[in-house]
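>>> curious how this folds, go ahead:
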Amino acid sequence: MKEKLLFAAFVLCSFMSYSFAQNVLTQHTVKKGETVNQIAQKYKITPHDIFQMNPASKNGIKENDVILIPAINVGKQKTEIPTSKAPEKVASSSNSAIKHGATHTVIAKETMYGIAKRYGITVEALKKLNPTLEQGLKVGQVLILPGNQTGVPATVTETRKSLPATGTHIVQPKETKFGISKKYGMTVADLERLNPGIVNSLPVGYKLTVSSSSSPAVEAPVVQKTSVPVTSEKKPVLANYEVKPGETIFSLTQSLNITEEELYRHNPSLKEGLRSGMILTVPGRGSVVKVAPQTDLSKSINKGPRKKLVLLLPFNAQRIVGDSTKTVTERLKKDAFLNMTLDFYSGALMAIDSAKTLGIPVDVSIYDSQESKASSNIAEIAKSKNLKDADAVIGPFYQQYSDKLAEMLEADKVPVISPMSKEAGKSYANLFEAMPGEEAGKRAIFDYMKSKGGNIIAVCDPKRVANKEFITTNYPEVQMAAVEDNGSLNADKLKALFVKDKINFVVIDSERTGMILSTTNVLLNETANFNIQLAIIEPNETLDFEEISMKRLTILKLLYPSMTRENHTPEALRFEEAYRRENKVLPNQYAVRGFDVTFDTLLRLAQDKPFEVSATEDATEQVESKFQYIFKDGHYVNRGYYILQYNEDLSVNRMN
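Model (predicted):
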């Protein structure tokens, strides 16, 4: 798959046409200890593809067996924008069929109705194939499915067939095999058995199959399908609200659930005009935190004038000129940046096809930005390709080059969307940071706790000065627990900070195992007397260590911010299936990112309002990401974070 994408990108960026042999077979000699799954991953195909070409391999393979590997069809590449077949993930349902005898393993919170609906059958038909369902549905139960039904691809289902309770986990930065296996009640050996591709390494973004079969008391976490929206409930008391950049009287009345007359009555100074930073009096209690409602931009597409979108992606194709297929394959094994680029590109192609399915009138151009830390060809492309005529540009990847391009296009007011960098951009009014920064996550969780009227207590490690300063500067109402320089906690002083009539949010900011254990011990002992919930404000890998049991974190309903969510909605499953059909693998985090950023940009371009207006007025969600832009420090930043919560049954709730 990667070779196909790379060659397509190379053709695109060099404006030449190539054709490659189709339906060519490769012979593979089985090495000692190799499995069908490992071979399939090596050639970027599925085990089902191998079984089709080598039926005898279903009974097992052994050293020195010679099996046939189907080559990926590359086909003729055109000089126009490469696109895949239009996936139905957005506009229609999937048409791929599951072979007779495929199975489905029940996971937490699933229902017979939901499973039947997912596979396009009736509950009665499901019960007929599985008579034990008359006694109810159980987690880990393996259900038989009829043939020719839509749903999860057969190859995925077969992987789960023998596992009592399975799910998926996307590998995050700094995660370890030990930490992940502990989280799901498995051993490292179990994890490697289910995922042979991680035996030698653990790539960030890898989609793992996880099982809780080794520990009956633990279930694999799944995201609850129904979200719990945070709303500002109208109350007879008044609260303060700080006006954000770009807000209008109309947008405030909508988001704060207040009439224009009430807003002016409580705030006579508004007659002199609305200004960013103003403190308004509005219905509510304490400090009101506005949560922007999510907007489905696909319902308000303007199919009028055609738009022009440009993608600048760092393929660095000039480095590959003259390389053989073998050399390219070797490069793909080692070059993480190239792999990330190709994954993003594959997701972007899916988004372009989805936009076409919706009838969005857009022309897309894709150019090689030839980026490295030291150089790029951004200036040359901007001039030779007339990027000032574009309606939006996605890229470059490095923030320094996004800044440079924004500077070049600022006078022409061309939006430049920085898709991957977490670095802070410079003050250009046409720059949009699509990747939310770490500070946005911290603000998101404190704002959420404030919106719940909670009593917020922080237990801060003395060594983590920056976070403590952030809290005291931006959230002075937060109470600080007494902690000694060596990290020891005064339990009695912490207990004295709890209150009876509110939820007590206790934020722990430490990576010391002893400090985390002593704090959570106090909280666990006081749960009978107070309403207590644990929270963290940024990723904390110490929580993955064996000394910190998952049980204590779930009892305390750990809250944490996340840039992404697990999405099991029908739309997300259709995207995943369509991507797998097209690319022969499941999408990783970079492929989903490519889809989310590109599709969100295309939808905003298709609105009956300027891009920057849609960015500030319309908060959106795509497959895994939120986009909630605000104008800050002279440019636009995305503050779209999810607040997630552990439950005692190991499910994960989305709280905003």
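>>> the stretch 251-400 of the chain: helices as residue ranges?
Assigned by DSSP state H, counting those that start in this stretch, the helices in the stretch 251-400 of the chain fall at 260-266, 325-334, 336-357, 378-384, 399-409.
>>> which residues touch the first one?
By that I understand helix 260-266. The contact list for helix 260-266 (C-beta atoms under 8 Å, 6 or more residues apart in numbering) reads 238, 249-250, 252-253, 256, 270-271, 280-283. (Each C-beta comes from the backbone N, C-alpha and C, glycine too.)
>>> need those in JSON lines with distance to G395 and pLDDT, can you?
What follows is these, written out as JSON lines (distance: C-beta to C-beta, whole Å; pLDDT from 0 to 100):
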{"residue": "L238", "distance to G395": "46", "pLDDT": "66"}
{"residue": "I249", "distance to G395": "36", "pLDDT": "82"}
{"residue": "F250", "distance to G395": "34", "pLDDT": "73"}
{"residue": "L252", "distance to G395": "34", "pLDDT": "80"}
{"residue": "T253", "distance to G395": "37", "pLDDT": "77"}
{"residue": "L256", "distance to G395": "36", "pLDDT": "75"}
{"residue": "L270", "distance to G395": "41", "pLDDT": "84"}
{"residue": "K271", "distance to G395": "45", "pLDDT": "81"}
{"residue": "L280", "distance to G395": "39", "pLDDT": "81"}
{"residue": "T281", "distance to G395": "44", "pLDDT": "79"}
{"residue": "V282", "distance to G395": "40", "pLDDT": "80"}
{"residue": "P283", "distance to G395": "44", "pLDDT": "74"}
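>>> just the helices of the stretch 251-400 of the chain: most buried one?
Among the helices of the stretch 251-400 of the chain, helix 336-357 has the highest mean neighbour count (mean count of other C-beta atoms under 10 Å), at a mean of 23.
>>> domains in this structure, as residue ranges please.
Here the domain parsing of the chain from automatic domain parsing is 2-70, 103-211, 238-287, 297-436+568-644, 439-562.
>>> from these, which stretch is densest packed?
Most buried of those, by mean neighbour count (mean count of other C-beta under 10 Å): domain 297-436+568-644, with a mean of 20.
>>> quick one: low-confidence ranges for the stretch 201-350 of the chain?
The model of the stretch 201-350 of the chain has pLDDT under 70 over residues 211-238, 245-246, 254, 277, 284-293, 321-326.
>>> can we see that at 80?
Filtered on pLDDT under 80, the stretch 201-350 of the chain yields the residue ranges 201-207, 210-247, 250-251, 253-261, 272, 276-279, 281, 283-293, 319-333.
>>> what about the strands in it?
207-211, 238-242, 279-283, 286-287, 307-313 (DSSP state E, counting those that start in this stretch).
>>> what's the answer for the stretch 451-600 of the chain, then?
455-460, 479-480, 504-509, 532-535, 559-562.
>>> so which of those strands gets nearest L553?
Nearest to L553, of all those, is strand 532-535, at 6.9 Å by C-beta to C-beta.
>>> look up the closest residue to K452, ignoring the ones flanking it.
Of all residues not flanking K452 in the chain, I503 sits nearest, at 6.2 Å (C-beta to C-beta, 6 or more residues apart in numbering).
>>> let me know the pLDDT of the one you found.
I503 carries a pLDDT value of 95.
>>> give the contact list for it.
452-455, 531-533.
>>> let's see 7 Å
Residues in contact with I503, defined by C-beta atoms under 7 Å, 6 or more residues apart in numbering, are 452, 454, 531, 533.
>>> not counting sequence-adjacent ones, nearest residue to V393?
Using C-beta to C-beta, 6+ apart, the closest residue to V393 is V310 (4.6 Å).
>>> and that neighbour, how far is that from L543?
Distance of V310 to L543, given as C-beta to C-beta, to the nearest Å: 42 Å.
>>> what do you get for V483?
Here V483 is placed at a distance of 18 Å from L543 (C-beta to C-beta).
>>> in the protein, which helix or strand is least confident?
helix 154-160 (a mean of 31; mean pLDDT, DSSP states H and E).
>>> after that one, next one along is what?
Of the helices and strands lying after helix 154-160 in sequence (DSSP states H and E), the nearest is strand 166-170.
>>> who are the packing partners of that following strand?
strand 207-211 (3 or more C-beta pairs under 7 Å, 6 or more residues apart in numbering; DSSP states H and E).
>>> quick one: distance of the strand it packs on to the chain centre.
16 Å (C-alpha atoms, centre = their mean, to the nearest Å).
>>> also stretch 33-52?
For stretch 33-52, the distance to the chain centre is 27 Å (C-alpha atoms, centre = their mean).
>>> hmm, back to that, how about the domains of the chain in CSV, adding distance to N656?
Formatted as CSV, these follow (distance: least, C-beta to C-beta, whole Å):
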stretch, distance to N656
domain 2-70, 35
domain 103-211, 19
domain 238-287, 14
domain 297-436+568-644, 5
domain 439-562, 6
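>>> of all those domains, which lies closest to L650?
Going by C-beta to C-beta, the one of these nearest L650 is domain 439-562, 6.2 Å.
>>> which of the contacts of helix 260-266 lies closest to Q41?
The closest of those, once distances to Q41 are taken by C-beta to C-beta, is L256, at 51.4 Å.
>>> what's across from the nearest residue to that closest one once chain neighbours are set aside in the sheet?
Spatial nearest neighbour of L256, chain neighbours left out: V282 (5.3 Å); criterion: C-beta to C-beta, 6+ apart. Counting by DSSP bridges, V282 is bridged to A239.
>>> which residues does V106 contact?
V106 sits in contact with 137-141, 143, where contact means C-beta under 7 Å, 6+ apart.
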